[in-house]
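> sequence first, then the predicted structure:
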There are 2 protein chains.
Amino acid sequence: MEIKVLKKVMSANDAVAEEITGFFNEKGVFAVNLMGSPGSGKTTMLEKTIEMLLPDYNIAVVEGDITTTIDAKKLSRFPVKIAQVNTLPFGGECHLEASWIKDAVREFDLETIDFLFIENIGNLVCPAEFKTGAHKNILVLSLPEGEDKPLKYPLAFQVSHLVLLSKVDLIDVLDYDVKKAEENIEKVHPGIDKIQVSSKTGKGIQDWKAWLTEQRKLLFDN
Amino acid sequence: MEIKVLKKVMSANDAVAEEITGFFNEKGVFAVNLMGSPGSGKTTMLEKTIEMLLPDYNIAVVEGDITTTIDAKKLSRFPVKIAQVNTLPFGGECHLEASWIKDAVREFDLETIDFLFIENIGNLVCPAEFKTGAHKNILVLSLPEGEDKPLKYPLAFQVSHLVLLSKVDLIDVLDYDVKKAEENIEKVHPGIDKIQVSSKTGKGIQDWKAWLTEQRKLLFDN
């Protein structure tokens, strides 16, 4: 008797995410999905990232937020394309779904864009469950959140390709144990890349730039 | 012709939450639901709260977490009853549902309990959408999260009765504008109670104790 093994059916969201990745690959857009808790420093890090990439690259941003355009407004001082996705009309969801990102990137002429950043909803749980179509997921984990967060919210770390350990300028004030935090990250995602960064002091920002441009080069070889 | 106006039907979760509140009222248990971002300081604040209430009151805790018992273990040094709810078996949900809390409080002899604390999942979105049966919702908002969070995550503030502005010992290091943060809280929930606290320096802890005992007294008059 033949036993039929059911394969995992691709979810509707995954299918749209794959389609989006296809657009990006065709147009040479390197896409990055920034995730992290509320206040972990995603927007500030994005501002620093845009500043350092702008001389050499064209950039677009999909800003995810439940109800405001606060973050998009912060970025509007830069010559970058910005599309805002608010989830309040979609039930105030705590993540971005691929179909909304697909609609958002329709606003851009992808042909002209080198880097696309998706700033996901501030949340350490839900965004990890929904693919966005980005090539890489970056988790921004700030020091004030404590060393135990990787153990408590493992999925977000498991689906990510790099952890930006942010606000490291607070290390002495907080008596933070970076080694412990990095061990906890390793426990849930062995071998994942990690960079310590501070928007305030500039620490790690060049390493982050090198990571981004290297990853883009690996994908598109240009 | 008579026009039938459909009333909002109580959700299954709300119905269970109301049932739980009934248990609490009958047994004289004052129940508090702690919400906040990952790393906002909920557990540390709960440790301080237990320390200051223990001489005079009996305490129980429902610890919500996705997958670990890290927080429950931190509290296990106290003579308090603890029930752990992990949401991983329920799809890794980012909130606690009333039915899980109902099961959890079955572990306790409610007759003997004065204060019950529910530590919700670290999340500024989902927990606000699900009633727990607690009498009061407390939002723990830490300074490192930034002043704009009330505007970006309004629902959590709107369903809360008190904001504990935590980690105020970091005020100078962060160059944080407390007035701005409090204005933003007022914008989304005018008149809500606010207390600035620090687990490190002890600031505001007595005010928080006074708030808790006063609220309990208002409800049970003892």
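Cool, the structure landed.
> going forward, measure contacts and count neighbours with C-alpha atoms only.
Noted.
> mind pulling up the pLDDT for residue A:173?
pLDDT, residue A:173: 93.
> my bad, should have said residue A:92
Looking at residue A:92, its pLDDT reads 88.
> contacts only, for it.
By Cα atoms under 8 Å, 6 or more residues apart in numbering or on different chains, residue A:92 lies in contact with A:66, A:67, A:86.
> got it, and residue A:41?
Residue A:41 neighbours (Cα under 8 Å, 6+ apart): A:140, A:142, A:166, A:167.
> of those, just say which sits nearest to residue A:189.
Distance to residue A:189 across the contacts of residue A:41 (Cα to Cα) is lowest for residue A:140, with 14.8 Å.
> what about the strands in chain A?
Applying DSSP state E to chain A gives strands spanning A:30-36, A:59-65, A:81-86, A:115-119, A:136-142, A:162-166, A:193-196.
> make a markdown table out of the ones you listed and add distance to chain B.
Shown next, in a markdown table, are the strands of chain A (distance: least, Cα to the nearest Cα, whole Å):
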| stretch | distance to chain B |
| --- | --- |
| strand A:30-36 | 10 |
| strand A:59-65 | 7 |
| strand A:81-86 | 10 |
| strand A:115-119 | 14 |
| strand A:136-142 | 9 |
| strand A:162-166 | 11 |
| strand A:193-196 | 17 |
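> Serialize those to JSON lines and add fields for mean neighbour count.
JSON lines is the format used below for the strands of chain A (neighbours: other Cα atoms under 10 Å in any protein chain shown):
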{"stretch": "strand A:30-36", "mean neighbour count": "25"}
{"stretch": "strand A:59-65", "mean neighbour count": "25"}
{"stretch": "strand A:81-86", "mean neighbour count": "21"}
{"stretch": "strand A:115-119", "mean neighbour count": "24"}
{"stretch": "strand A:136-142", "mean neighbour count": "25"}
{"stretch": "strand A:162-166", "mean neighbour count": "24"}
{"stretch": "strand A:193-196", "mean neighbour count": "18"}
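> ok, back up a step: make JSON lines out of the contacts of residue A:92 and add pLDDT.
What follows is the contacts of residue A:92, written out as JSON lines (pLDDT from 0 to 100):
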{"residue": "A:66", "pLDDT": "93"}
{"residue": "A:67", "pLDDT": "91"}
{"residue": "A:86", "pLDDT": "93"}
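> using JSON lines, lay out the contacts of residue A:41 together with distance to residue A:153 and pLDDT.
Output for the contacts of residue A:41, formatted as JSON lines (distance: Cα to Cα, whole Å; pLDDT from 0 to 100):
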{"residue": "A:140", "distance to residue A:153": "13", "pLDDT": "98"}
{"residue": "A:142", "distance to residue A:153": "14", "pLDDT": "97"}
{"residue": "A:166", "distance to residue A:153": "17", "pLDDT": "97"}
{"residue": "A:167", "distance to residue A:153": "19", "pLDDT": "97"}
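> near the closest residue in space to residue A:27 that isn't next to it in sequence, how many other residues are there?
Counting by Cα to Cα, 6 or more residues apart in numbering or on different chains, residue A:111 is the residue found nearest to residue A:27 once chain neighbours are left out, at 5.2 Å. The burial count assigned to residue A:111 is 12, neighbours taken as other Cα atoms under 10 Å in any protein chain shown.
> residue contacts, the nearest residue to residue A:59 once chain neighbours are set aside?
Spatial nearest neighbour of residue A:59, chain neighbours left out: residue A:115 (5.0 Å); criterion: Cα to Cα, 6+ apart. If a contact means Cα under 8 Å, 6+ apart, then residue A:115 has A:29, A:30, A:31, A:32, A:57, A:58, A:59, A:60 as its contacts.
> and the pLDDT for residue A:89?
Looking at residue A:89, its pLDDT reads 86.
> neighbours around it, how many?
Neighbourhood size, residue A:89 [other Cα under 10 Å]: 10.
> pretty sure the residue nearest to residue A:27 is touching residue A:28, no?
Yes. Counting by Cα atoms under 8 Å, residue A:111 does reach residue A:28; the two are 7.3 Å apart.
> tell me what the residue positioned nearest the centre of chain A is bridged to.
With distances taken as Cα atoms, centre = their mean, the residue of chain A nearest its centroid is residue A:34 (1.6 Å). Bridge pairing for residue A:34 (DSSP bridges) gives the partners residue A:119, residue A:138.
> who's in contact with the closest residue to residue A:120 other than its chain neighbours?
Spatial nearest neighbour of residue A:120, chain neighbours left out: residue A:64 (5.0 Å); criterion: Cα to Cα, 6+ apart. By Cα under 8 Å, 6+ apart, residue A:64 lies in contact with A:84, A:85, A:86, A:87, A:96, A:118, A:119, A:120, A:121.
> switch the cut-off to 6 Å
Neighbour list for residue A:64: A:85, A:119, A:120, A:121 [criterion: Cα atoms under 6 Å, 6 or more residues apart in numbering or on different chains].
> can you list the residues of chain A near chain B?
Contact residues, chain A versus chain B (Cα under 6 Å from any Cα of the partner chain): A:39, A:68, A:145, A:146, A:152.
> and the closest residue to the first one other than its chain neighbours, what pLDDT?
Ranked by Cα to Cα, 6+ apart and with sequence neighbours excluded, the top spatial neighbour of residue A:39 is residue B:145, at 3.7 Å. Per-residue confidence for residue B:145 comes out at a pLDDT of 97.
> could you verify my assumption that residue B:145 touches residue A:36?
No. Residue B:145 lies out of contact with residue A:36 (Cα atoms under 6 Å); the separation is 11.4 Å.
> list the residues that contact residue A:123.
Shown in contact with residue A:123 (Cα under 6 Å, 6+ apart): A:36, A:37.
> show me what it bridges to in the sheet.
residue A:36.
> quick one on the thing from earlier: neighbour count added to the residues of chain A next to chain B, as CSV?
Compiled in CSV, the residues of chain A next to chain B are given as follows (neighbours: other Cα under 10 Å):
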residue, neighbour count
A:39, 26
A:68, 18
A:145, 20
A:146, 19
A:152, 23
